[in-house]
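J.: Quick one, fold the following:
(one chain, ligands or ions: 1)
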Amino acid sequence: MCIAVIVVDRDCTGLCQMIQSKLPDVLIQQWPHITQPELVEFAVLWQHPEGITAQFPNLKAVTSLGAGTNHLDHDKALEGLPQLRVVTDSLKQLMAQYVLLYLLSDSRHQLGYNTQQHQKKWHVLENEVIPTVGFVGLGALGGFVADRCSDLGFKTVAWTVQSEHPNHTCYHGKSGLKKVIEQSDYVVVLLPLKPETRHIIDATTLSWFKQEAVLINVARGAHVDELALCSALQKNQLKHAVLDVFETEPLPKESPLWGLDNVTITPHVSALSDAHQTASMVVDLFNQYVFGNTKT
Ligand code: GLV
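T.: Residues are numbered from 1 along each chain as shown. Model prediction:
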């Protein structure tokens, strides 16, 4: 019995040790040292090399290491298998911290007061307008972040495919997306990448932004048409874009996004997985999908 941990962009030795300590009788094989592929029944995957899962004839289920599962979509060997994901409390909390960091620093004029301080200037920048935060996507992560925004007194609206939410008004369809964007001071993109959500932020949807609005993309780079965004930012169609994810990562040096003053770039760090919580969740999923137990 074996779990393969195939995560290519970081060292997962700590995570593997934690899983091992909870499952002492299970073999944990960590990429690139998968020496007994025929034993693998469960795999933890993140940007896994193409074709690797086809070498596991006894695979029963896989999980993404994180919230996003788009890296599993193109793997034909996974068709028909349960494809799970790990959304831990810490992932939700870190995501809320990231979004709130940029939201609050803008809405509470952090940059403006900083400039004024250097000028020894005493001038109130606050106003009484309550900003509206529009969520494009309101799943496990989006819903959590939206709740934290409401807790802090922001107005919230959301675009979802069809689901409703007890705390946030939801709109659907293309006209619903327009309603959300048009009334939002902050547009937070936090939804799964699917063929139908690719470039959901494009030249058309960017034309619906308020000129003072800020876009925050913490989902996947391909949700945003980067060339259309560059052009909209150059024309000041929106005020600023905070981008943690990009169509190509790392963001290529030649990307025009680097040269824009009204863009904040971070290297896909909004919510990194916590090894302890991830290990517990992987063990729960393994027990459930390989043993059929819901308890460890
Ligand atoms: C991070 O991008 C995740 O999908 O968890």
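
J.: for the residue in the chain that the ligand sits nearest to, what are its contacts?
T.: The chain approaches the ligand most closely through Gly66 (2.2 Å), counting by C-beta to the nearest ligand atom. (C-beta placed from N, C-alpha, C; glycine too.) The contact partners of Gly66, by C-beta atoms under 8 Å, 6 or more residues apart in numbering, come to Trp46, Arg85, Val86, Val87, Leu91, Ala271, Ser273.

J.: surely the fifth one meets Ser273?
T.: Yes. Applying C-beta atoms under 8 Å as the test, Leu91 and Ser273 come out as touching, 6.2 Å apart.

J.: Could you pick out the residues of the stretch 51-200 of the chain near the ligand for me?
T.: Gly66, Ala67, Gly68 (C-beta under 6 Å from any ligand atom).

J.: What about those, which are in strands?
T.: Per DSSP state E, strands hold no members of these.

J.: Contact partners for Ala77?
T.: Gly51, Thr53, Ala54, Phe56, Leu59.

J.: Would you reformat those as TSV and include neighbour count, distance to Asp202 and pLDDT?
T.: Below are the contacts of Ala77 laid out as TSV (neighbours: other C-beta atoms under 10 Å; distance: C-beta to C-beta, whole Å; pLDDT from 0 to 100):
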residue	neighbour count	distance to Asp202	pLDDT
Gly51	10	33	91
Thr53	22	33	97
Ala54	13	35	97
Phe56	22	38	97
Leu59	19	37	97
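
J.: What is the nearest of the residues of the stretch 51-200 of the chain next to the ligand to Cys2?
T.: Nearest to Cys2, judged by C-beta to C-beta, of these is Gly66 at 21.9 Å.

J.: thinking again about what came up before, so of the residues of the stretch 51-200 of the chain next to the ligand, which ones are in helices?
T.: Using DSSP state H, the subset of these located in helices is empty.

J.: What sits closest to Gly143 if chain neighbours are left out?
T.: His165 (6.2 Å; C-beta to C-beta, 6 or more residues apart in numbering).

J.: Residue nearest the middle of the protein, spatially speaking?
T.: Ala219 (3.5 Å; C-alpha atoms, centre = their mean).

J.: from memory it sits against Pro192, does it?
T.: Yes. Assessed by C-beta under 8 Å, Ala219 is found in contact with Pro192 at 7.5 Å.

J.: Please enumerate the shared neighbours of the two.
T.: Gly68, Gly137.

J.: Please enumerate the helices of the protein.
T.: Going by DSSP H, the chain shows helices at 13-22, 89-107, 110-118, 140-151, 173-183, 203-206, 226-234, 275-286.

J.: Mean neighbour count, mean pLDDT and distance to Leu39 added to those, as a markdown table?
T.: Formatted as a markdown table, the helices of the chain follow (neighbours: other C-beta atoms under 10 Å; pLDDT from 0 to 100; distance: least, C-beta to C-beta, whole Å):
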| stretch | mean neighbour count | mean pLDDT | distance to Leu39 |
| --- | --- | --- | --- |
| helix 13-22 | 17 | 98 | 15 |
| helix 89-107 | 19 | 98 | 29 |
| helix 110-118 | 12 | 98 | 53 |
| helix 140-151 | 20 | 98 | 32 |
| helix 173-183 | 16 | 98 | 47 |
| helix 203-206 | 18 | 98 | 48 |
| helix 226-234 | 18 | 98 | 42 |
| helix 275-286 | 20 | 97 | 14 |
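
J.: closest one to Thr266 among the ones you listed?
T.: From the helices of the chain, taking C-beta to C-beta, the stretch that ends up closest is helix 89-107, at 8.0 Å.

J.: how about the nearest residue to Ile3, chain neighbours excluded?
T.: Ile3 sits nearest to Phe42 (C-beta to C-beta, 6+ apart), 4.8 Å away.

J.: give me the low-pLDDT residue ranges for the stretch 151-296 of the chain?
T.: 294-296 (pLDDT under 70).
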